[in-house]
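Chemist: Got a sequence here, can you build the structure:
(2 chains)
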Amino acid sequence: MKQIDKYPHKPKPLKPDIQQNTKAGGSFTDRLKAYRDQHAQSLFSSLGRLFSTPFTSTMTIGVLALAIALASGFYLVVVNLQQLTTGLEASNQISLFLRDEISEAHANKYADKIRKNPNVQHVKVITKKQAMAEFKGFSGFGDAIDVLEKNPLPIVIEVLPKDALVDKEALTQLFEDFKKSTEVDFAQMDMAWVERLQSIVSTARLGAILLAVLLGLAVFFIAGNTIRLEIHNRRQEIIIAKLVGATNSFIQRPFLYTGFWIGFLSGVSAWFIVTFIMLILRQSVENLSGLYAGAFHLLFFSYGETFILLTISSTLAVFGSWLVLYIQVKQLRPE
Amino acid sequence: MLKFENVYKRYAETGDVLKNVSFHLKQGEIAFLTGHSGAGKSTVLKLIAVMERATRGDIVLDGQKLSAIKERHVPYIRRKMGFIYQDYKLLQDRTVFDNVALPLVIAGYGHQEVSRRVRAALDKVGLLGKEKKFPLALSGGEQQRVGIARAVVNKPPMIIADEPTGNLDPELSAEIMALFEQFQNVGVTILIASHDISLIQKMNHRVLRLDHGQLVAS
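Modeler: Numbering: from 1, shown residues only, chains lettered A, B, ... in the order given. Next up, the predicted model:
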């Protein structure tokens, strides 16, 4: 290490060497350590600053947390809705409701005929009795149905087209053919409502993305504006630092850390807000799901999603802060 | 150490503030920069600190042409100079220690080195033991000495003082000047802007006198 005694200034060689002035005392590792210490110091002192003005910080973080909670909450709703459609995606099953007068034997004959169709993979006949048993089990109308004198349910033939039959037109053609048969009273392609549901979900997803972009911009601007005010408050400090040779990046560092903390703490708060709301909703959603044979479970943020949420909120806030700093710190000049 | 060569500074609103100013301060020299208000004293200081750029002519500090310095290298030039101000320019919400340490922290010195040098600088100005005080708890003379400690803590080859005794009584002013002479003895070049005529006459150092932007005595 360089030993510095009283005040010896030896004249430096007359060369325009900028580097020699950037060097602080000590070895490379000492300087690296000092640099790391500076970062650590900025990291914690900026957090300390936020806590030293609890009211202002709470207001800012509150606004940001609500924006992030709205965006991420909407995302979670979409994820949950998607869960409904994923199980159904493969199902392009066609249900054929036969006319009442068709007998069971006739129905089986008709089913055999369908089985011969090269586009059909699987055919299943549900007799009136089976249909009744199934309906009783799921609908909850068991006792009421017992009162009925005659079974009102038709025979149903479930037809599963070949997997290879992905072409929508061919599928529709098959469907139309079934519809025309004299045995069939009413034909229903499950595909239709799956498609409808899927398109609702994808619309919601697009909406969620747009909302997230807008609210992300809000986070960006709010964080930037917070830092702008902070720069204004610490104007004198910045000017003095510049006078004693601080680089712009040195001046920006603590503010960037402030931006990071604002974004990070807002992300954490948003996580709690959304999770809290989900916990409130959970009971009633589980009840609803129970009525539909428990096919649906409320999804919360996964670890990965939590990580992404915090990363995005911190990054946006840091970037918003950086933009403001880049413009404003340059402009602040000592007089 | 510091050389002005035919320096002009023109502002759009006020015209030429400095006209053909040339002088050369050698290493270890003390000089007063004086003149009526508006004569261009503060413009000279601003040019040295690279807060402003000369319209024409060259300023050479420690072998480096200031006109050729890129904006991003300006901070490194400023580290070669210690500035002392009439209003001290201390950070009121930081302790004496932190104020003096600022140039070292900025330059990237390690914790121990900072601590050692800050103590040495405070010792030099007679403020050892007041590290933990805040500037407002100190007298004007003490605050100015904190400012001086901050200016010299990085051991710059040059000190620039703008009316350093402007707010101090004659006795304190003499103390401050004695400090400057101590720095001079170890090879520091010192430029003091002042219009305290009696002090200047007492000190018997070189005097650069500006009159309407022109150097009339050096």
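Chemist: Which secondary structure element is home to the closest residue to chain B within the stretch 151-300 of chain A?
Modeler: Closest approach of the stretch 151-300 of chain A to chain B (CB to the nearest CB) occurs at residue A:245, with a separation of 3.7 Å. Placement of C-beta: from N, CA and C, glycine included. If you go by DSSP states H and E, residue A:245 is not part of any helix or strand.
Chemist: Contact partners for it?
Modeler: Residues counted as contacts of residue A:245 (CB atoms under 8 Å, 6 or more residues apart in numbering or on different chains) are B:75, B:76, B:77, B:78, B:79, B:103, B:106, B:107, B:154.
Chemist: Grab the nearest non-local neighbour of residue 172.
Modeler: Chain wasn't specified; assuming chain A. residue A:189 (8.0 Å; CB to CB, 6 or more residues apart in numbering or on different chains).
Chemist: Chain B is the one I meant
Modeler: Per CB to CB, 6+ apart, closest to residue B:172 is residue B:141, 4.1 Å.
Chemist: In which helix or strand does that neighbour reside?
Modeler: Per DSSP H and E: helix B:140-152 holds residue B:141.
Chemist: Using CSV, list the CA coordinates for that helix.
Modeler: Presented in CSV, the C-alpha positions along helix B:140-152 are these (Å, rounded to 0.1, in the frame of the first residue of the first chain):
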residue,chain,number,x,y,z
GLY,B,140,-18.1,30.1,11.4
GLY,B,141,-14.4,29.8,11.7
GLU,B,142,-14.7,26.1,12.6
GLN,B,143,-17.0,25.5,9.6
GLN,B,144,-14.5,27.2,7.3
ARG,B,145,-11.8,24.9,8.7
VAL,B,146,-14.0,21.9,8.0
GLY,B,147,-14.2,23.2,4.4
ILE,B,148,-10.4,23.5,4.3
ALA,B,149,-10.0,20.0,5.7
ARG,B,150,-12.3,18.7,2.9
ALA,B,151,-10.3,20.7,0.3
VAL,B,152,-7.0,19.2,1.3
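Chemist: Show me which positions of stretch B:78-93 end up buried.
Modeler: Using 16 or more other CB atoms under 10 Å in any protein chain shown as the test for burial, stretch B:78-93 gives B:78-86, B:88-91.
Chemist: just stretch B:157-176 next, same as before
Modeler: B:157-165, B:168, B:172-173, B:175-176.
Chemist: Contact partners for the residue nearest the centre of chain A?
Modeler: Centroid-nearest residue in chain A, with CA atoms, centre = their mean: residue A:75, separated by 4.1 Å. Contact analysis of residue A:75 by CB under 8 Å, 6+ apart lists A:208, A:212.
Chemist: Check the residue nearest to residue A:172 and give its pLDDT.
Modeler: Looking at residue A:189, its pLDDT is 78.
Chemist: that older thread, next, give phi and psi for the residue of the stretch 151-300 of chain A closest to chain B.
Modeler: phi 100, psi 20 (degrees, to the nearest 10).
Chemist: and what of residue B:58?
Modeler: phi -120, psi 140.
Chemist: who does it bridge with?
Modeler: residue B:5 (DSSP bridges).
Chemist: how much space between it and residue A:108?
Modeler: For residue B:58, the distance to residue A:108 equals 107 Å [CB to CB, to the nearest Å].
Chemist: and if you look at residue B:133?
Modeler: From residue B:133 to residue A:108 the distance is 101 Å (CB to CB).
Chemist: any idea how far the closest residue to residue A:204 other than its chain neighbours lies from residue B:7?
Modeler: Among residues not flanking residue A:204 along the chain, residue A:78 sits closest, at 5.2 Å (CB to CB, 6+ apart). From residue A:78 across to residue B:7, the span is 67 Å (CB to CB).
Chemist: Those two: which has the busier surroundings?
Modeler: Taking neighbours as other CB atoms under 10 Å in any protein chain shown, residue A:78 and residue B:7 compare with residue B:7 leading, 25 against 19.
Chemist: Surely residue B:11 touches residue B:17?
Modeler: Yes. Using CB atoms under 8 Å, residue B:11 is in contact with residue B:17, at 6.0 Å.
Chemist: neighbour count winner among these two?
Modeler: Neighbour comparison, residue B:11 and residue B:17: the larger count goes to residue B:17, with 23 against 11 (by other CB under 10 Å).
Chemist: mind listing what the more buried one touches?
Modeler: Residue B:17 neighbours (CB under 8 Å, 6+ apart): B:9, B:10, B:11, B:40, B:43, B:213.
Chemist: Could you tell me the model confidence score at the third one?
Modeler: pLDDT, residue B:11: 89.
Chemist: where does it fall, phi/psi-wise?
Modeler: Torsion angles, degrees, to the nearest 10, at residue B:11: phi -110, psi 140.
Chemist: Quickly note the distance from it to chain A.
Modeler: Separation of residue B:11 from chain A (CB to the nearest CB, to the nearest Å): 14 Å.
Chemist: quick one, what contacts that residue?
Modeler: residue B:17.
Chemist: and it, bridged to which residues?
Modeler: Going by DSSP bridges, residue B:11 forms beta bridges with residue B:15.
Chemist: I'd like to know which helix or strand in chain B has the lowest mean pLDDT.
Modeler: helix B:197-203 (a mean of 83; mean pLDDT, DSSP states H and E).
Chemist: Contacts for that one next, please.
Modeler: By CB under 8 Å, 6+ apart, helix B:197-203 touches B:30, B:32, B:34, B:165, B:170, B:173, B:174, B:177, B:194, B:207.
Chemist: Relative to chain A, which of these is nearest.
Modeler: For these, the nearest to chain A is residue B:30 (14.3 Å; CB to the nearest CB).
Chemist: Tell me where chain B has strands.
Modeler: For chain B, the strands defined by DSSP state E occupy B:2-11, B:15-25, B:30-35, B:56-61, B:64-65, B:81-84, B:158-162, B:189-193, B:206-211, B:214-217.
Chemist: Turn those into CSV, including distance to residue B:111.
Modeler: Shown next, in CSV, are these (distance: least, CB to CB, whole Å):
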stretch, distance to residue B:111
strand B:2-11, 33
strand B:15-25, 35
strand B:30-35, 34
strand B:56-61, 30
strand B:64-65, 30
strand B:81-84, 22
strand B:158-162, 26
strand B:189-193, 30
strand B:206-211, 40
strand B:214-217, 45
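Chemist: Residue A:83: which of those is closest?
Modeler: Closest to residue A:83 of these, according to CB to CB: strand B:81-84, at 65.5 Å.
Chemist: wait, what's in contact with residue A:96?
Modeler: Residue A:96 neighbours (CB under 8 Å, 6+ apart): A:156, A:157, A:158, A:159, A:178, A:181, A:183, A:184, A:186, A:187.
Chemist: Now it: closest residue in space that isn't a chain neighbour?
Modeler: residue A:157 is the one closest to residue A:96 (CB to CB, 6+ apart), at 4.4 Å.
Chemist: same thing with residue B:150?
Modeler: residue B:100 (4.8 Å).
Chemist: now residue A:170
Modeler: Nearest non-adjacent residue to residue A:170 (CB to CB, 6+ apart): residue A:119, at 7.1 Å.
Chemist: gap between the one you found and chain B?
Modeler: For residue A:119, the distance to chain B - CB to the nearest CB - is 72 Å.
Chemist: if I read this right, that residue contacts residue A:174, doesn't it?
Modeler: Yes. Look at residue A:119 against residue A:174 with CB under 8 Å: they come within range, at 5.6 Å.
Chemist: centroid residue for chain B?
Modeler: residue B:160 (1.7 Å).
Chemist: Does that residue touch residue B:85 like I think?
Modeler: No. With contact defined as CB under 8 Å, residue B:160 does not reach residue B:85; the gap is 9.6 Å.
Chemist: mind putting the contacts of helix B:197-203 in CSV, pLDDT and distance to chain A included?
Modeler: Converted to CSV, the contacts of helix B:197-203 look like this (pLDDT from 0 to 100; distance: CB to the nearest CB, whole Å):
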residue, pLDDT, distance to chain A
B:30, 93, 14
B:32, 93, 21
B:34, 92, 21
B:165, 85, 20
B:170, 84, 26
B:173, 87, 22
B:174, 87, 21
B:177, 89, 17
B:194, 89, 19
B:207, 92, 24
